[in-house]
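> Give me the fold of what follows.
(one chain, ligands or ions: 1)
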Amino acid sequence: MIEKIKQIEQEAQTEIATVQTLDHLELFRVKYIARKGLVPTLFDSLKTLESSIRPEMGKHLNDLRNKVQKLFDDKKEALEKNLHSEKESIDLTLPGRKRWIGTKHPITQTLDEIKRIFFKMGFEVAEGPEIEDDYHNFEALNFPPDHPARDMQDTFFVSDKILLRTHTSPVQIRVMEKQKPPVRVIMPGRVYRNEAISSRSYCLFHQVEGLYVDTRVTFSELKGTLVAFAKQFYGSNIKFRFRPSFFPFTEPSAEMDITCFLCKGSGCRVCKQTGWLEILGCGMVHPNVLKNVNYDPDKYSGYAFGMGIERIAMLMYGIDDIRILYQNDLRFLKQF
Ligand code: PHE
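Residues are numbered from 1 along each chain as shown. Purely as a prediction, here's the structure:
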């Protein structure tokens with residue numbers, strides 16, 4: 001028996017040294033200490049001994065039990081302490097973690113800059129619905145029914161009279177329906193056109209519309225405002241020109257060009273060798289439009305303009321395919 005006790009003590013000592021985890025420690029406990037373990041089993045066999053040596057052996061066994069228990073307790077304490085300190089240890093020498101902060105989409109950045117300039121000139125922002133009715137998108141803007149002017153816009157129809165707006169001009173109508181002059185607003189938003197998708201055109205894009213209506217608003221104020229905008233946005237040394245154009249809701253109508261800021265006017269691929277870039281459409285609000293919103297055209301006059309944001313952003317940032325603006329490709333977006 002004494003041999004057996006020594007042997008178990010030895011074994012337990014060697015084994016405890018190899019224990020590295022609490023799971024492993026549990027196996028140790030089951031093997032030696034638990035009810036069916038080696039030590040209690042040995043206690044059970046005390047009964048089979050002669051009564052004369054029982055007390056003596058009992059003492060040895062108690063010793064063994066205490067030693068094994070202590071091996072277990074010490075190991076348990078050590079492992080738990082370790083676990084704890086692993087969780088709490090902070091390595092102050094590690095480099096900090098970089099936080100990735102998103103950047104604004106190039107369309108938003110361009111729009112923000114346009115807004116900033118018009119805010120300084122006293123314009124406010126208004127918005128309208130992207131799902132419009134025929135009345136606001138066409139009729140109130142002086143597009144007569146069945147007039148070929150409607151063919152200028154390739155429209156997505158939701159139903160007979162409901163459509164995805166093809167421009168931001170219907171917001172002009174919505175603002176004037178709600179508000180009496182003076183009105184001085186810019187109206188940014190998404191517009192939709194059913195066009196063949198290519199590197200130059202997409203089924204949706206963004207516009208910023210502008211509208212100023214008051215007594216005695218003149219075409220020269222329109223020019224002055226747009227030139228002031230263009231110089232702040234594109235740089236004070238650009239040249240500009242206004243060409244006559246046509247829109248049903250403005251009369252007279254014009255388009256504004258600026259010197260191509262890529263070739264500085266000498267002619268390149270982007271300006272198609274003309275040296276000029278068309279940046280917006282504009283004109284004096286048509287009297288019929290004023291009538292449609294119950295403004296007296298003899299008392300009030302106004303100007304309106306509209307520009308496409310994608311085109312401007314693409315020129316500014318040298319982006320050659322409009323579709324990449326809508327693909328949410330982080331490799332592209334991270335550059336802004
Ligand atoms: N709505 C016109 C377009 O989409 C632009 C425009 C707006 C022209 C306001 C004149 C006045 O092309």
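
> OK, contacts around M1?
L42, S45, L49, M57, H60 (Cβ atoms under 8 Å, 6 or more residues apart in numbering). Any C-beta I mention is one placed from the backbone N, CA and C, and that applies to glycine too.

> Separate out the buried members of these.
L42, M57, H60 (16 or more other Cβ atoms under 10 Å).

> what about whichever residue of the stretch 101-250 of the chain sits closest to the ligand, how many residues close to it?
Nearest to the ligand in the stretch 101-250 of the chain, going by Cβ to the nearest ligand atom, is H167, at a distance of 3.4 Å. Using other Cβ atoms under 10 Å, H167 has 24 neighbouring residues.

> Give the bridge partners for the residue lying closest to it once chain neighbours are set aside, please.
Spatial nearest neighbour of H167, chain neighbours left out: V191 (5.3 Å); criterion: Cβ to Cβ, 6 or more residues apart in numbering. Beta-bridge partners of V191, counted by DSSP bridges, are F205.

> Look at V191 and say how many residues are nearby.
V191, neighbours per other Cβ under 10 Å, totals 22.

> circling back to that earlier point, which of the buried ones among the contacts of M1 sits closest to the ligand?
For the buried ones among the contacts of M1, with the ligand as the reference and Cβ to the nearest ligand atom as the criterion, the closest is L42, at 96.3 Å.

> wait, doesn't that closest one sit right on L61?
Yes. The pair L42 and L61 passes the contact test of Cβ atoms under 8 Å, sitting 6.0 Å apart.

> list residues touching both of those two?
I5.

> Check what pLDDT the residue nearest to H167 gets.
At V191, the model reports a pLDDT of 97.

> Kindly provide the distance from L27 to the ligand.
78 Å (Cβ to the nearest ligand atom, to the nearest Å).

> For the stretch 101-250 of the chain, which residues score under the pLDDT cut-off?
148-153 (pLDDT under 70).

> In it, what residue spans correspond to strands?
124-125, 131-133, 162-164, 183-192, 204-214, 240-247, 250-259 (DSSP state E, counting those that start in this stretch).

> Reformat the ones you listed as TSV; add distance to the ligand.
What follows is those, written out as TSV (distance: least, Cβ to the nearest ligand atom, whole Å):
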stretch	distance to the ligand
strand 124-125	16
strand 131-133	13
strand 162-164	13
strand 183-192	7
strand 204-214	6
strand 240-247	4
strand 250-259	5
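
> what's the closest of the ones you listed to G308?
Among the strands of the stretch 101-250 of the chain, the nearest to G308 by Cβ to Cβ is strand 204-214 (5.6 Å).

> Ramachandran coordinates for the residue of the chain most remote from its centre?
Distance to the chain centre peaks in the chain at S52, reaching 87.0 Å (criterion: Cα atoms, centre = their mean). When read as degrees, to the nearest 10, the backbone of S52 gives phi -70, psi -40.

> Next, find the distance separating it from the ligand.
Distance, S52 to the ligand, using Cβ to the nearest ligand atom: 114 Å.

> For the ligand, what's the nearest residue on the protein?
Residue of the chain nearest the ligand, by Cβ to the nearest ligand atom: G306 (2.7 Å).

> Could you find the closest non-adjacent residue to that residue?
Counting by Cβ to Cβ, 6+ apart, G306 lies nearest to E209, which is 4.8 Å off, once chain neighbours are set aside.

> do L79 as well
Sequence neighbours aside, L22 is the residue nearest to L79 in space, at 5.6 Å (criterion: Cβ to Cβ, 6+ apart).
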